[in-house]
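Asker: sharing a model prediction with you, sequence too.
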Amino acid sequence: MIDLYTWPTPNGHKVHIMLEECALPYTVHAVDIGAGDQFRPEFLKISPNNKIPAIVDADGPDGRPMAVFESGAILLYLAGKTGRFLPADVRGKYVALQWLMFQMGGLGPMLGQAHHFRIYAPEKIEYAIHRYTNEARRLYGVMDQRLSAVEYFAGAYSVADMAIYPWTRSHANQGIDLADYPNLQRWYEAIGARPAVVKALQVLADRRKPQMSDKDKETLFGQSQYARR
């Protein structure tokens, strides 16, 4: 059994999708990041960077419980545990890994900034909005070009697709019209129709709020985030 500590965000959804695709049994523990649950000492023991998601696998690789934080690392851990969704051949594995790193190192951070400055920032800073919206469009173009040649980012469906898809779900808030990226739109619709993905997106979906309160924003973006723990 895997204990999943999560919240319905793009990074949380990545791991929900992998668990559902692998049909692994898991127990959900809600970590309400707007309420500050991520700063609780018991969660920091599992995820010292106070970020969701994190897992504890009761049946770790040496037979002892194993805690893993960072969504990309969790995807790779589960791929190793199950032997699924990461190509076994060396070339294919590194193709998948480079697109996973593309999401972790570039797509997620940049789309997160676009979303923040366009939607959540307390003041509209035109320079930031233009900078991150333009970078979002560039990254969507990179993905569209890749998907003009292959069905999925690594050729076959893999952890790379699971990592990228949740970040593209808020494309409108990032200033993106998917119709401008037809190859990506084809892929987006195919991923969204997968039964495991549909089920994964329902995990804690009822806990999402239509709008952030001022308290949520302070917890996520204010000084609470930067306190040393």
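Answerer: Yep, it's here.
Asker: quick one: the strands in the chain?
Answerer: Assigned by DSSP state E, the strands in the chain fall at 2-6, 26-30, 54-57, 66-69.
Asker: what is the second one packed up against?
Answerer: Taking 3 or more CB pairs under 8 Å, 6 or more residues apart in numbering; DSSP states H and E as contact, the helices and strands that strand 26-30 lies on are strand 2-6. Quick note: C-beta positions are derived from backbone N, CA and C, even for glycine.
Asker: 10 Å instead?
Answerer: Here strand 26-30 is seen to pack against strand 2-6, helix 10-21, strand 54-57 when contacts are counted using 3 or more CB pairs under 10 Å, 6 or more residues apart in numbering; DSSP states H and E.
Asker: which one of those is the most hemmed in?
Answerer: helix 10-21 (a mean of 25; mean count of other CB atoms under 10 Å).
Asker: starting at the chain centroid, how far to that one?
Answerer: A distance of 8 Å separates the centroid of the chain from that of helix 10-21, by CA atoms, centre = their mean, to the nearest Å.
Asker: mind checking how far Gly72 is from Gln145?
Answerer: Gly72 is 23 Å from Gln145, where distance means CB to CB, to the nearest Å.
Asker: who's more crowded, those two?
Answerer: Ranked by neighbour count (other CB atoms under 10 Å), Gly72 and Gln145 place Gly72 first, with 19 against 12.
Asker: please name the nearest non-neighbouring residue to that one.
Answerer: Met104 (4.5 Å; CB to CB, 6 or more residues apart in numbering).
Asker: and that neighbour, what does it touch?
Answerer: By CB atoms under 10 Å, 6 or more residues apart in numbering, Met104 lies in contact with 11, 14, 70-73, 75, 163-164.
Asker: ok, Leu184 next?
Answerer: Contacts for Leu184 (CB under 10 Å, 6+ apart) come out as 140-148, 164, 168, 171, 176, 178.
Asker: separation between Arg194 and Lys14?
Answerer: From Arg194 across to Lys14, the span is 14 Å (CB to CB).
Asker: where do the contact lists of the two overlap?
Answerer: Common neighbours of Arg194 and Lys14 (CB under 10 Å, 6+ apart) are 162, 165, 200.
Asker: neighbour-wise, give me the winner out of the residues you listed.
Answerer: Met162 (30 neighbours).
Asker: thought that residue was touching Asn11?
Answerer: No: if you go by CB atoms under 10 Å, Met162 and Asn11 don't touch, sitting 11.2 Å apart.
Asker: which residues do those two both contact?
Answerer: Common neighbours of Met162 and Asn11 (criterion: CB under 10 Å, 6+ apart): 71, 103.
Asker: nearest to Glu218 among the contacts of Met104?
Answerer: For those, the minimum distance to Glu218 (CB to CB) is 20.8 Å, reached by Asn11.
Asker: on that earlier part again, now do the residue nearest to Gly72, the pLDDT please.
Answerer: Listed pLDDT for Met104 reads 97.
Asker: OK, contacts around Leu111?
Answerer: Per CB under 10 Å, 6+ apart, neighbours of Leu111: 10, 103, 132, 135-136, 139-140, 167-168, 170-171, 173-174, 176.
Asker: distance check, it against Phe43.
Answerer: Taking CB to CB, one finds Leu111 at 25 Å from Phe43.
Asker: return the residues in contact with the nearest residue to Asp3 once chain neighbours are set aside.
Answerer: With CB to CB, 6+ apart as the criterion, Asp3 has its nearest non-adjacent residue at 4.4 Å, and that residue is Val56. By CB under 10 Å, 6+ apart, the contact set of Val56 is 1-5, 27, 29, 45-46, 65-68.
Asker: max pairwise distance over the residues you listed: which two?
Answerer: Met1 and Lys45 (18.7 Å).
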